[in-house]
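Participant: sequence plus predicted model, see below.
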Amino acid sequence: MIWIEEIAKYEGKEVEIHGWLYNRRSSGKIHFLTIRDGTGIIQGIVLKDEISPDTFELVDRISQESSIIARGKVKKDDRAPGGYELEIKGILLVHSAEPYPISKKSHGTDFLLSNRHLWIRSRRQYAILRIRGEVTFAIQEFFNSKGFTRLDAPIFTPSACEGTTTLFEVPYFDNKAYLSQSGQLYAEAGCMALGKVYTFGPTFRAEKSKTRRHLTEFWQIEPEIAYANLDDIMKLAENFTTYIIQKVLNKRKEELDILERDTKPLELIKPPFPRITYQEAINLLDKQNKVPKISWGNDFGAPQETYISQQFKLPVFIHRYPAECKAFYMKRDPKDPRLALCVDMIASEEYGEIIGGSRREDELAVLEQRLKEFNIPKESNEWYLDLRRYGSVPHSGFGLGLERLLAWICKSSHIREMIPFPRTIDRISP
RNA sequence: UCCUCGGUAGCUCAAUGGCAGAGCAGGUGGCUGUUAACCACAAGGUUGUGAGUUCGAAUCUCUCCCGAGGAGCCA
């Protein structure tokens, strides 16, 4: 048994392909079978004159997505999709599929999402999931090579990390627990133990967002580094982004082709990325009339973010936002206490914010004050305050949304395609 | 939560107050190089739900349900 991915090695040889029937065309005395095995597709040809009548007749009856084992000789042929053909000598029907709901013509989003367990067999979804697999591997390669330790944060948590309105509450024996919306606070504890850590896992937000950019369950990568400042994490973020994109360009070219992704904008991605302050972003907006301007102190909406990113070919860092529109744990800029030492990275090609990071507040008294201001109960965060009691150090980190990064790399208009089984406000099945 | 759009055959859609139709899938038959193959035939319907207007409703009005896109919020 061999995999279609490595078919070129077997040119001229007889092989067995174990897979599923992706499509069939027939022409009376010749059948064309497109076979997929999860690593690629190959066209099999069945000629009436070169096979037993029983087999030829069987092939005519095999339904789409039936599982089959095909034996035959590998031949190079430019007429075949993929460049290679299998001249089929024998075929075994492992299971005859019932009429397959996903047809060759187009489908609506609702239908496809309801059939997600089958939809992932389709060509485009196959390519996306292969790229996702490459990216999750590259993430770990990148951080490992830089001496980071992966630190898995818990999913059951006692309290909020960001706001308090977006938590999924679950019963936890006689108490309540909440599904984690970020591993960051735990990463902060981790970096005090291990120096450089990153979390990588699912996070949950009960936001009632119904857009192509939102999932209720999504994966985050959150590096956190002791003694690092804001500049350090911007450098890390641009190197990280570049590494991932280069890796996909090198290793998943075929999959990008399937997606018809124009790779030129991705090939441009190299450090350094432009860096502008919040104030400079406001100034950029003041100079134009295409999107509504915003006044100092407000966060950017989607139109403003898009306009700013359009001014650059690379992803752009916007740093030092007004502290009032940012999270409690962000350290203030000593040069201007109205500002937080934070940064957002806006992806190019209008994919919006994919990274948010900051230097963390490391002074106990200041952090206690912030908890009060943000109305966050101190009791459940005592452990977090402990990090400022026992050898507190400056430290910084960022969070990156895996599916948003993937949507950009794949140039997809739906973040839902980027995760095997998407969870959205109105959909929890399959 | 709000705004906009939609729900008709298994799927994708048409039918703008007057006989509910096509393509694909599935079925049958044909075809020796197809690329979402093609050709022919047959089959396939409680028009999301409940009410109302009307001689007559898929179509107009209202209720509710479901979905999509967007806003806010965020990654």
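Facilitator: Cool, the structure landed. Residues are numbered from 1 along each chain as shown, chains lettered A, B, ... in the order given.

Participant: using the three-state scheme, assign the closest residue to A:Ile62 other than its chain neighbours.
Facilitator: What sits nearest to A:Ile62 in space, not counting adjacent residues and going by Cβ to Cβ, 6 or more residues apart in numbering, is A:Leu21, at 5.3 Å. All C-beta atoms are positioned from the backbone trio N, CA, C, and that covers glycine. Under the three-state scheme (DSSP: H, G, I helix; E, B strand; the rest coil), A:Leu21 adopts strand.

Participant: A:Leu21 contacts A:Ser63, correct?
Facilitator: Yes: with contact defined as Cβ atoms under 8 Å, A:Leu21 counts as touching A:Ser63 (7.2 Å).

Participant: who has more neighbours, the two?
Facilitator: A:Leu21 (24 against 13; other Cβ atoms under 10 Å).

Participant: okay, that one: pLDDT?
Facilitator: In this model, A:Leu21 is scored at 92, pLDDT.

Participant: and it, how far from A:Ile355?
Facilitator: Going from A:Leu21 to A:Ile355 by Cβ to Cβ, to the nearest Å gives 43 Å.

Participant: got the CA coordinates for the one helix or strand A:Glu224 maps to in PDB?
Facilitator: Taking DSSP states H and E as the definition, A:Glu224 sits inside strand A:217-226. Output of strand A:217-226 as PDB, limited to C-alpha atoms (Å, rounded to 0.1, in the frame of the first residue of the first chain):
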ATOM      1  CA  GLU A 217     -14.200  28.100  20.200                       C
ATOM      2  CA  PHE A 218     -10.900  29.100  18.600                       C
ATOM      3  CA  TRP A 219      -7.200  28.300  19.100                       C
ATOM      4  CA  GLN A 220      -4.700  30.700  20.500                       C
ATOM      5  CA  ILE A 221      -1.000  30.800  20.600                       C
ATOM      6  CA  GLU A 222       0.200  32.900  23.500                       C
ATOM      7  CA  PRO A 223       4.000  33.400  24.100                       C
ATOM      8  CA  GLU A 224       5.000  35.100  27.300                       C
ATOM      9  CA  ILE A 225       8.600  36.100  28.100                       C
ATOM     10  CA  ALA A 226      10.200  37.200  31.400                       C
END
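
Participant: what mean pLDDT would you report for it?
Facilitator: In this model, strand A:217-226 has a mean pLDDT of 95.

Participant: immediately after that strand, which helix or strand?
Facilitator: That would be, after strand A:217-226 and using DSSP H and E, helix A:230-251.

Participant: who are the packing partners of that next one?
Facilitator: Applying 3 or more Cβ pairs under 8 Å, 6 or more residues apart in numbering; DSSP states H and E, one finds that helix A:230-251 makes contact with helix A:123-145, strand A:217-226, helix A:264-267, strand A:316-319, strand A:342-347, strand A:352-359, strand A:395-401, helix A:402-410.

Participant: average pLDDT across that helix?
Facilitator: 96.

Participant: list the contacts of the following helix or strand past that helix.
Facilitator: Per DSSP H and E, helix A:230-251 leads on to helix A:253-258 as the next helix or strand towards the C-terminus. Contact with helix A:253-258 is made by A:Gly40, A:Arg123, A:Arg124, A:Tyr126, A:Ala127, A:Ile128, A:Arg130, A:Ile131, A:Val248, A:Leu249, A:Thr263, A:Cys410, as judged by Cβ atoms under 8 Å, 6 or more residues apart in numbering.

Participant: what's the burial count for the closest residue to the second one other than its chain neighbours?
Facilitator: The one in question is A:Arg123. Leaving aside its sequence neighbours, A:Arg123 sits nearest to A:Ile258 (Cβ to Cβ, 6+ apart; 5.8 Å). Applying other Cβ under 10 Å, we find 19 residues neighbouring A:Ile258.

Participant: any idea how far A:Leu92 is from A:Ile258?
Facilitator: For A:Ile258 relative to A:Leu92 (Cβ to Cβ), the value is 28 Å.

Participant: next: A:Leu112.
Facilitator: From A:Leu112 to A:Leu92 the distance is 31 Å (Cβ to Cβ).

Participant: of those two, who's got more company?
Facilitator: A:Leu112 (19 against 13).

Participant: so what's the backbone phi/psi at the nearest residue to that one once chain neighbours are set aside?
Facilitator: With sequence-adjacent residues excluded and distances taken as Cβ to Cβ, 6+ apart, A:Leu112 is closest to A:Trp119, at 4.9 Å. With angles defined as degrees, to the nearest 10, A:Trp119 sits at phi -60, psi -30.
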